[in-house]
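Engineer: Okay, predicted coordinates and the sequence, questions at the end:
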Amino acid sequence: MARIIKDYSSVSLKTEDLDGRIDFVCVFGRKMPVHVEIGTGRATFLLLQAKAHPDIDFLGIEWASRYYRWAVDRLGRWSITNVRLIRTDAAAFLTDFVADNSVECFHIYFPDPWPKKRHHKRRFFNSANLDQLVRCLKTGGAIRTATDHAEYFEQIKKLLTARPGLLEEIDFTPADGAETGENVGSNFERKYLKQQKQIYALAVKKL
């Protein structure tokens with residue numbers, strides 16, 4: 001049975017309503033540090049982080065319609081005021097709408113590994129997208145990522161640590177909603193841990 005979604009328009013954004021570079025102060029109605037999660041899933045991470053950090057504003061980007069609808073419904077029912085969600089392609093959104101030096105942290109957890117070699121070009125982590133992440137980050141801002149896919153993690157690590165003087169590896173501290181043995185506390189992580197999969201995590205900051 002389809003989920004019935006109430007009107008939680010205060011939670012959701014639409015690209016057609018945006019005019020050029022997004023002004024986070026206008027979006028959230030205040031000036032606070034902004035964290036962006038790329039690939040929100042069912043928004044478990046966003047919900048826990050937003051509740052733990054009312055002094056931070058969170059933007060979640062999700063492409064899959066079913067996850068986006070679930071997340072909007074979930075955050076709307078919790079009346080979370082420091083989160084906005086948008087359904088769009090993350091790479092295009094960063095390029096077209098996110099201003100330079102405007103984001104405090106990017107969270108990219110369990111991105112689709114596109115495991116078949118012929119599909120690797122669809123992976124989010126590549127040089128062009130990293131250029132956009134770095135452009136959008138404030139100095140001292142971070143990129144945090146985790147995956148269960150060993151080969152993809154090696155690609156990500158090589159990419160993120162190949163820019164000395166620009167990005168520097170830092171400790172990956174568990175998220176506030178993470179339970180014992182978890183890094184993120186998301187639905188995907190908990191699913192993979194139950195399957196006894198190894199989780200690989202990495203964080204870097206912009207110098």
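Structural biologist: Perfect, thanks for sending it.
Engineer: Name the residues of stretch 21-38 that are buried.
Structural biologist: 22, 24, 28, 32, 34-38 (16 or more other C-beta atoms under 10 Å). (C-beta placed from N, C-alpha, C; glycine too.)
Engineer: residues making contact with that stretch?
Structural biologist: Outside stretch 21-38, the residues within contact range by C-beta atoms under 8 Å, 6 or more residues apart in numbering are 13, 45-46, 49, 55-61, 82, 84, 90, 97-99, 102-109, 111, 124, 136.
Engineer: Check the buried residues of stretch 21-38 and tell me the two furthest apart.
Structural biologist: Met32 and Ile38 (19.5 Å; C-beta to C-beta).
Engineer: in which helix or strand would I find Phe153?
Structural biologist: helix 150-160 (DSSP states H and E).
Engineer: Give me the buried stretch members for that helix, please.
Structural biologist: In helix 150-160, counting by 16+ other C-beta under 10 Å, buried: 152-153, 155-157, 159-160.
Engineer: longest helix in the chain, by residue count?
Structural biologist: In the chain, taking DSSP state H as the definition, the longest helix is helix 65-77.
Engineer: Between helix 65-77 and whatever helix or strand comes next after it, find me the angle.
Structural biologist: Downstream of helix 65-77, the next assigned helix or strand under DSSP H and E is strand 83-87. Relative orientation of strand 83-87 and helix 65-77, computed by axes from the mean of the first three to the mean of the last three C-alpha atoms, to 10 degrees: 160 degrees.
Engineer: Strand partners (parallel or antiparallel) of strand 83-87?
Structural biologist: Taking DSSP bridges as the criterion, strand 83-87 forms sheet pairs with strand 12-13 (parallel), strand 57-62 (parallel).
Engineer: Between strand 57-62 and the host helix or strand of Asp96, find me the angle.
Structural biologist: With elements taken from DSSP H and E, the one containing Asp96 is helix 90-97. Interaxial angle of helix 90-97 relative to strand 57-62 (the same axes, to 10 degrees): 130 degrees.
Engineer: Quick check: which helices or strands does helix 90-97 pack against?
Structural biologist: helix 127-136 (3 or more C-beta pairs under 8 Å, 6 or more residues apart in numbering; DSSP states H and E).
Engineer: who touches whichever helix or strand Glu169 is part of?
Structural biologist: Using DSSP H and E, Glu169 sits within strand 167-170. Residues external to strand 167-170 that are found in contact with it (C-beta under 8 Å, 6+ apart): 134, 142-143, 160-161, 202-207.
Engineer: That one pairs with which strands, and in what direction?
Structural biologist: Applying DSSP bridges, one finds strand 167-170 paired with strand 200-206 (antiparallel).
Engineer: List of residues touching the partner strand?
Structural biologist: 134, 137-150, 153, 156-157, 160-161, 166-173, 183-184.
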